[in-house]
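Trainee: Pasting the sequence and the predicted coordinates here, then a few questions.
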Amino acid sequence: MDIIISNSSGEPIYQQISSQIKAMIMDGTLKEGDALPSMRTLAAELRISVITTKRAYEELERDGFIESYTGKGSFVKGQNTELLREENLRQTEELLSQACSKARLCGVTLEELKDILEIVYGGNSND
């Protein structure tokens, strides 16, 4: 499993793991029923504590992305399409919030920002 940990990131390691696994589930890289590496295996691969991988898996399970079975391991859970949509919307809102903050710092008006968004999104649908 290709997970990249950044020590210079302000984000805790368990969240980096959780975010990357969520992204793999949402983009279809990991599919329903796929087995995740054991917590010990992933910890060894990433050279981190098992406690950290346990916390990441607990977060994924709490958020409904994986199911864990004692003695069997952790598996990608069948995804509720509404849950996936909600997660994608949350991530989009987060990115747009960052873009708006940057635009305000640069003095970009709301109208200019709307124009930029229309261009980036794919043009004006009224054309």
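Mentor: Ah, there it is.
Trainee: wait, what's in contact with Ile21?
Mentor: Met1, Ile3, Leu30, Leu36, Ala56, Leu60, Phe65, Ile66 (Cβ atoms under 8 Å, 6 or more residues apart in numbering). Just so you know, the C-beta spots here come from the backbone N, C-alpha and C atoms, and that holds for glycine as well.
Trainee: got JSON lines for these, with distance to Ile17 and secondary structure too?
Mentor: Formatted as JSON lines, the contacts of Ile21 follow (distance: Cβ to Cβ, whole Å; DSSP: H, G, I helix; E, B strand; the rest coil):
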{"residue": "Met1", "distance to Ile17": "10", "secondary structure": "coil"}
{"residue": "Ile3", "distance to Ile17": "6", "secondary structure": "coil"}
{"residue": "Leu30", "distance to Ile17": "13", "secondary structure": "coil"}
{"residue": "Leu36", "distance to Ile17": "10", "secondary structure": "coil"}
{"residue": "Ala56", "distance to Ile17": "4", "secondary structure": "helix"}
{"residue": "Leu60", "distance to Ile17": "9", "secondary structure": "helix"}
{"residue": "Phe65", "distance to Ile17": "12", "secondary structure": "coil"}
{"residue": "Ile66", "distance to Ile17": "12", "secondary structure": "strand"}
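Trainee: Most neighbours among those, which one?
Mentor: For those, the largest number of neighbours (other Cβ atoms under 10 Å) sits with Ala56, at 28 neighbours.
Trainee: Now do the helices in the protein.
Mentor: With DSSP state H applied, the chain shows helices at 13-26, 39-46, 50-62, 81-105, 110-121, listed in chain order.
Trainee: Among those, show the one with the smallest mean pLDDT.
Mentor: Note on the helices of the chain: lowest mean pLDDT is at helix 81-105, with a mean of 88.
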